[in-house]
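> next input, structure requested:
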Amino acid sequence: MKPRIFLVDDDDSLRRVLSLELGEAGFEVRAFPSAGGVVEAVRREPPDALLVDLRMPGVDGLELLAQVRAADERAQVVVLTGHGAVPDAVEAMRRGAHDFLAKPVRLDVLEQVLRRAVERRALLEGNERLRRVVEHDASPGRLIGTGPAMTRLREELVRVARSDSHVLVTGENGTGKELVVRELHARSARSSEPLVVLNCGAVPANLVESELFGHEKGAFTGADRRRVGLFEAAHGGTLMLDEIGELPKAVQPVLLRALQFGEIRPVGSDRARKVNVRVVSATHRDLRERIRSGEFREDLFYRIAPLVLEVPALRERREDIPELAHAFVARSAARLGRPIELELAAVELLRRHDWPGNVRELENAAERLCVMADGASIGPELVQRHVLRGADAAGAMPTLNLEELERRAVIEALARHGGDKRAASAELGIALKTLYNKIERYGLRT
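A predicted model of the protein is given here:
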């Protein structure tokens with residue numbers, strides 16, 4: 001299939017000429033006389049590249065560039081203008097343009113630049129797919145904790161690892177479900193084969209089937225090459241379907257068939273392919289409740305959950321908090337390049353906290369404490385100031401609106417530090433640049 005180009009230029013004659021010439025050069029061109037409708041078209045059917053005029057009435061090329069990149073971070077935009085001043089070029093590149101060309105431009109130069117842009121997008125998409133294939137250290141033992149709840153989980157995990165049945169891992173957000181899946185894979189007979197991960201809630205609904213099963217060239221608009229799906233990528237190994245409760249209803253029957261018969265059919269193909277994959281699903285949702293509400297198929301539930309591992313919340317295994325806290329502090333201290341240890345009184349305060357964000361919240365707290373520690377030890381006063389006080393303040397807020405909670409947390413952190421943004425960002429556990437973005441987002445005066 002031809003690479004698809006969006007051409008945006010208010011010059012009617014130039015737009016017609018470029019459309020014809022680029023079409024003859026092997027591109028599929030969709031032309032726009034202005035910025036109107038471009039962003040919506042990018043969201044619906046992302047092109048391989050865009051050729052955008054800089055000077056246009058209404059929304060100009062630079063603003064359109066920013067809007068397109070916000071809608072699709074992989075978008076490759078080539079800016080074309082008769083006003084090829086250096087400041088314009090610098091600003092276009094700063095906003096994420098792939099390249100900058102001044103009119104008039106030779107067709108062979110334009111074609112070469114556009115083909116590089118198309119290749120760049122294909123490379124980014126390929127890298128993103130490769131990042132989902134987890135290079136996994138097969139040695140077990142990364143699960144921290146020796147209390148009754150973790151001991152029971154380990155015993156169940158060892159038994160489940162000996163089986164080749166599909167598994168459902170449940171637990172609240174932040175409990176370490178993916179770590180459990182990795183441990184399960186490492187202890188299984190499939191440990192030498194790939195562990196591939198897909199977050200079902202992070203992929204647009206209309207692309208999930210293609211991600212899972214792949215597609216043939218020409219299967220739909222933009223499918224300019226055959227693509228291997230994650231089931232095939234995980235052949236012989238384990239496929240983790242994270243947040244399985246978010247799987248679109250339309251894809252659930254196709255997944256059910258793949259699990260039931262051990263075969264997949266790529267989108268646009270008339271031939272089924274056999275796959276040998278163990279599927280381990282994970283969710284923080286109550287799938288039985290989603291079955292009752294009609295959002296999840298009951299037959300699929302029984303297919304993904306012949307075996308179930310439940311990861312306990314951190315408040316249900318407080319005896320493991322000291323070991324976890326020491327491990328996280330040691331890791332953060334190593335990154336900072338200096339020795340830091342927790343005092344006994346500080347550990348006791350951490351052990352008493354409920355940790356609604358579970359292990360992930362404790363890990364973030366340990367990093368924050370290490371950054372804020374002046375010396376080689378973390379005492380109870382540091383825990384009180386940088387962990388518990390923020391939690392108490394959030395608990396006292398009469399709202400469940402996450403944006404409002406975030407806005408108030410930023411305001412209070414800035415107030416406590418007299419407007420010192422660096423200190424406030426450290427207390428909040430976010431980068432200084434992120435804090436500036438939030439200040440601008442909420443219109444705060446500092």
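> now the end-to-end length of stretch 80-92.
Its first and final residues considered, stretch 80-92 spans 10 Å by C-alpha to C-alpha, to the nearest Å.
> likewise for stretch 230-244?
End to end - C-alpha to C-alpha - stretch 230-244 spans 15 Å.
> how far does it sit from the chain's center?
Centroid separation for stretch 230-244 versus its chain: 17 Å, with C-alpha atoms, centre = their mean, to the nearest Å.
> what of stretch 87-103?
Worked out by C-alpha atoms, centre = their mean, stretch 87-103 lies 28 Å from the chain centre.
> which of the residues in it are buried?
For stretch 87-103, the neighbour count (16 or more other C-beta atoms under 10 Å) marks 88, 89, 91, 92, 95, 97, 98, 99, 100, 101 as buried. Where you see a C-beta, it was placed from the backbone N, CA and C, and this is true even at glycine.
> which of the residues you listed lies closest to residue 164?
Residue 164 has its nearest neighbour among these in residue 98, at 46.3 Å by C-beta to C-beta.
> so the closest one sits against residue 49, correct?
Yes: the pair residue 98 / residue 49 is scored as a contact, 7.1 Å apart, by C-beta atoms under 8 Å.
> list residues touching both of the two?
Contact criterion C-beta atoms under 8 Å, 6 or more residues apart in numbering; residues bridging residue 98 and residue 49 by contacting each: 76, 77, 78, 117.
> quick check: the first one vs residue 38, distance?
Going back to what we said before, that points to residue 76. The gap separating residue 76 from residue 38 is 14 Å, by C-beta to C-beta, to the nearest Å.
> could I get the CA-only coordinates of stretch 413-429 as PDB?
C-alpha atoms of stretch 413-429 as PDB (Å, rounded to 0.1, in the frame of the first residue of the first chain):
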ATOM      1  CA  ALA A 413       3.300  22.200  48.900                       C
ATOM      2  CA  LEU A 414       4.100  25.600  47.500                       C
ATOM      3  CA  ALA A 415       2.700  27.300  50.600                       C
ATOM      4  CA  ARG A 416       4.800  25.100  52.900                       C
ATOM      5  CA  HIS A 417       8.000  26.000  51.100                       C
ATOM      6  CA  GLY A 418       7.200  29.700  50.600                       C
ATOM      7  CA  GLY A 419       6.900  29.400  46.900                       C
ATOM      8  CA  ASP A 420      10.200  27.400  46.500                       C
ATOM      9  CA  LYS A 421       9.300  25.300  43.500                       C
ATOM     10  CA  ARG A 422      12.300  23.000  43.700                       C
ATOM     11  CA  ALA A 423      11.500  22.100  47.300                       C
ATOM     12  CA  ALA A 424       7.800  21.700  46.500                       C
ATOM     13  CA  SER A 425       8.500  19.400  43.600                       C
ATOM     14  CA  ALA A 426      10.800  17.300  45.700                       C
ATOM     15  CA  GLU A 427       8.100  17.000  48.400                       C
ATOM     16  CA  LEU A 428       5.500  16.000  45.800                       C
ATOM     17  CA  GLY A 429       7.800  13.500  44.300                       C
END
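> quick one: buried residues of that stretch?
For stretch 413-429, using 16+ other C-beta under 10 Å, the buried residues are 413, 414, 416, 421, 423, 424, 425, 426, 427, 428, 429.
> state the distance from the fifth one to residue 371.
Shown here: residue 423 relative to residue 371, a distance of 11 Å by C-beta to C-beta.
> if we can go back for a sec, nearest to residue 296 among the shared contacts of residue 98 and residue 49?
Nearest to residue 296 among these, with distances taken as C-beta to C-beta, is residue 76, at 37.6 Å.
> quick revisit: taking the buried residues of stretch 87-103 one by one, which sit in helices?
Among those, DSSP state H puts 88, 89, 91, 92 in helices.
> OK, contacts around the second one?
What it means is residue 89. Counted by C-beta under 8 Å, 6+ apart, residue 89 has contacts 79, 100.
> let's see 10 Å
By C-beta atoms under 10 Å, 6 or more residues apart in numbering, residue 89 lies in contact with 54, 79, 81, 97, 99, 100, 101, 102.
> how near is it to residue 343?
Using C-beta to C-beta, one obtains 56 Å as the distance from residue 89 to residue 343.
> try residue 195
39 Å.
> can you check residue 301 too?
Distance, residue 301 to residue 343, using C-beta to C-beta: 47 Å.
> neighbour count winner among the two?
residue 301 (19 against 15; other C-beta atoms under 10 Å).
> state the number of residues packed around the closest residue in space to residue 351 that isn't next to it in sequence.
Among residues not flanking residue 351 along the chain, residue 321 sits closest, at 4.5 Å (C-beta to C-beta, 6 or more residues apart in numbering). As a burial measure, residue 321 scores 22 neighbours (other C-beta under 10 Å).
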